[in-house]
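Visitor: Quick one: sequence and predicted model below, then my questions.
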Amino acid sequence: MLNILRASRRTGRVTESYPERSGVEAAFRGRPWIDPARCNAAGACADVCPSGAITLTHLALPVSRWQLDLARCVFCGLCEEACPHGAIKMTNGFELASRTREDLIVGVTHGPTGAGGSGQTATPTEEEEVERGAVPRRMAMAPQPAGSSDPAGQPLGRDRLNARIRGLLQRSLHVRHMAAGSDNSTDWEISALLNPIYDVQRLGIDFVASPRHADLLLVTGAVTRHLEPALMATYEAMPAPRLVVAAGDEACGGGVLEGSYAVAGGVDRCLPVDVYVPGDPPHPQALIQGLLVALGRLEPKIRRTELTARPVETNE
Ligand code: SF4
C-alpha cells in the first residue's frame, strides 16, 4: 500500500488540461501537408498510398488535380518518402473534425499557370507552417473547435466548457458509443477518453449504456450489413435532439473497406452525420475536438426541437 502511495506521488497529476496541450501530442503523426510549389503532379505518392487516399486526375491536358481524402488517410507517411521533390511533409495536425464530408477533401490543381490549392492554400498560412513543424506549435495558435470557444473566439477552459454543457442540457452531455463493424482501433482510443489522462468526465461529457439516455451517438466502423439494422434501431431509440458523430476513417467514409459488398461504406450512408472525425485511429484529443464541434451543433437543434414541441395556440 505504501509503495502504491509513493508511486502515485512520484507520478503526480497526469490529466491533460484541455484545451491547452502538454506537448506530448507533438510525437503523434497527423495529416500530410503538400507544398503546391514543389508538387509536379507526377503521382509517385498516389502509387504508394496503401489506402487510396491520394488520387491524381488528369482533367484536360495539361491540367491535373492532386487530391487527398483525409477520411481515407492512415497517416503512414509513405507518400512523404515517395515524393522525389519533397512536396509532401507529414505533420502532427490530427485535430481534423469536420462538419461535412467534403471538407475532408483537400486538393491542388496544376495548370499552365502553376499550382493552386483548395482546402489548403497555395501559400502556407502560419498555422500550416506550425502544423508541418516548420515553426514550433504554440498553444495560443491551436485551432479551437466550435462549441469550445466563446463568441469572441476565446477558448473555454474546463470550468466554462462544463458550464456551457450544463447550460445547454442542465446536465452532462451523454454519449452512446456504438461499434458498427469496426476493427477496434478507434474503440480503444474512445475508451482512453475515460482514463486519467484525457478524463472527459471533467469536461461534462459522460458515456451511457442506453441510447434512450443519450444525446450523441458516437459510431465507429464502416457499418457492416449485419449491424446496419442495429445502428438504425439505436438511433431511433434516442430522444431528439440527437447528434451523430462518425469516428475514424471507416465510419467517415468506409476507409479501406469502401466498395465492399459487406459494408454500407460509412455512417452517412445510413444516418445524418453531424461531425466527422477522421484518423485511423483518431487521437483521443481529436475525438474530444469532434465531440466539442458536435456540441456547437447541439444548440440550434435544441432550439428547433423546442419550436416543434411548442403546442399550437388556438382561439378556443
Ligand atoms: S500518409 Fe495518408 S496519403 Fe500518405 S501514403 Fe499514407 S495513407 Fe496515403
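Guide: Structure received.

Visitor: give me the low-pLDDT residue ranges for the stretch 101-250 of the chain?
Guide: 112-158 (pLDDT under 70).

Visitor: need the strands for this structure, in chain order.
Guide: Secondary structure of the chain (DSSP state E): strands located at 32-34, 54-58, 64-69, 88-90, 105-111, 114-118, 173-179, 205-207, 216-220, 243-247, 275-277.

Visitor: So which of these has the densest surroundings on average?
Guide: Comparing those by mean neighbour count (mean count of other CB atoms under 10 Å), strand 275-277 comes out on top with a mean of 30. The way it works is simple: take the backbone N, C-alpha and C, and place the C-beta from them, glycine included.

Visitor: Report all helices and strands that that strand contacts.
Guide: For strand 275-277, the elements it packs on are strand 243-247, helix 249-253, helix 284-309, judged by 3 or more CB pairs under 8 Å, 6 or more residues apart in numbering; DSSP states H and E.

Visitor: right, and these - which one's nearest the ligand?
Guide: Closest approach to the ligand among the helices and strands packed on strand 275-277 is made by helix 249-253 (9.3 Å; CB to the nearest ligand atom).

Visitor: neighbours of the closest residue to W188 other than its chain neighbours, just the number please.
Guide: Distance criterion CB to CB, 6 or more residues apart in numbering; nearest residue to W188, sequence neighbours excluded, is P281 at 7.0 Å. The tally of other residues near P281 (other CB atoms under 10 Å) stands at 26.

Visitor: surely P281 meets A192?
Guide: No: look at P281 against A192 with CB atoms under 8 Å: they stay out of range, at 9.8 Å.

Visitor: got the residues of the stretch 1-150 of the chain near the ligand?
Guide: Counting by CB under 6 Å from any ligand atom, the residues of the stretch 1-150 of the chain close to the ligand are 32, 48-51, 53-54, 68, 73-79.

Visitor: of all those residues, which comes closest to V275?
Guide: Minimum distance to V275 across those is 17.7 Å, recorded for C73 (CB to CB).

Visitor: how far away is L227 from V263?
Guide: Taking CB to CB, to the nearest Å as the measure, L227 and V263 are separated by 9 Å.

Visitor: Tell me the residues that contact both of the two, please.
Guide: Shared contacts of L227 and V263 (CB atoms under 8 Å, 6 or more residues apart in numbering): G181.

Visitor: circling back to that earlier point, now the residue nearest to W188: how far from the ligand?
Guide: 14 Å (CB to the nearest ligand atom, to the nearest Å).

Visitor: Would you agree C79 is in contact with P50?
Guide: No: checked against CB under 8 Å, the pair C79 and P50 is beyond contact range at 9.8 Å.

Visitor: Neighbour count for those two, which is higher?
Guide: Per other CB under 10 Å, whichever of C79 and P50 has more neighbours is C79, with 24 against 11.

Visitor: contacting residues for the nearest residue to that one once chain neighbours are set aside?
Guide: Distances taken as CB to CB, 6+ apart put C45 closest to C79, at 3.7 Å, once the chain neighbours are dropped. Taking CB under 8 Å, 6+ apart as the criterion, C45 is in contact with 54, 78-79, 82-83, 88.

Visitor: for those, which one is nearest the ligand?
Guide: For the contacts of C45, the nearest to the ligand is C79 (3.2 Å; CB to the nearest ligand atom).

Visitor: contacting residues for that closest one?
Guide: 32, 45, 48-49, 54, 88.

Visitor: In space, not sequence, find me the middle residue of this structure.
Guide: Central residue of the chain (CA atoms, centre = their mean): V277, 2.1 Å from the mean position.

Visitor: got a list of what it touches?
Guide: Contacts of V277 were listed using CB under 8 Å, 6+ apart, and they are 96-97, 245-248, 252, 286-287, 289-290.

Visitor: Let's see that with 6 Å instead.
Guide: Counting by CB atoms under 6 Å, 6 or more residues apart in numbering, V277 touches 97, 247, 286-287, 290.

Visitor: Could you do A240 as well?
Guide: T305.

Visitor: how much space between it and M232?
Guide: 16 Å.

Visitor: same thing with E189?
Guide: To M232, E189 is 25 Å away according to CB to CB.

Visitor: and if you look at L216?
Guide: 17 Å.

Visitor: Equivalent analysis for G266, please.
Guide: Counting by CB to CB, the gap from G266 to M232 is 14 Å.

Visitor: Between the two, which is the more surrounded one?
Guide: For G266 and M232, the more surrounded residue by other CB under 10 Å is G266, and the numbers stand at 26 against 13.

Visitor: That one and G254 touch, don't they?
Guide: Yes: using CB atoms under 6 Å, G266 makes contact with G254 at a distance of 4.8 Å.

Visitor: Show me where the stretch 101-250 of the chain has its helices.
Guide: Per DSSP state H, counting those that start in this stretch, the stretch 101-250 of the chain carries helices over the ranges 126-131, 158-169, 185-192, 228-237, 249-253.

Visitor: Please identify the most buried of those.
Guide: helix 249-253 (a mean of 30).
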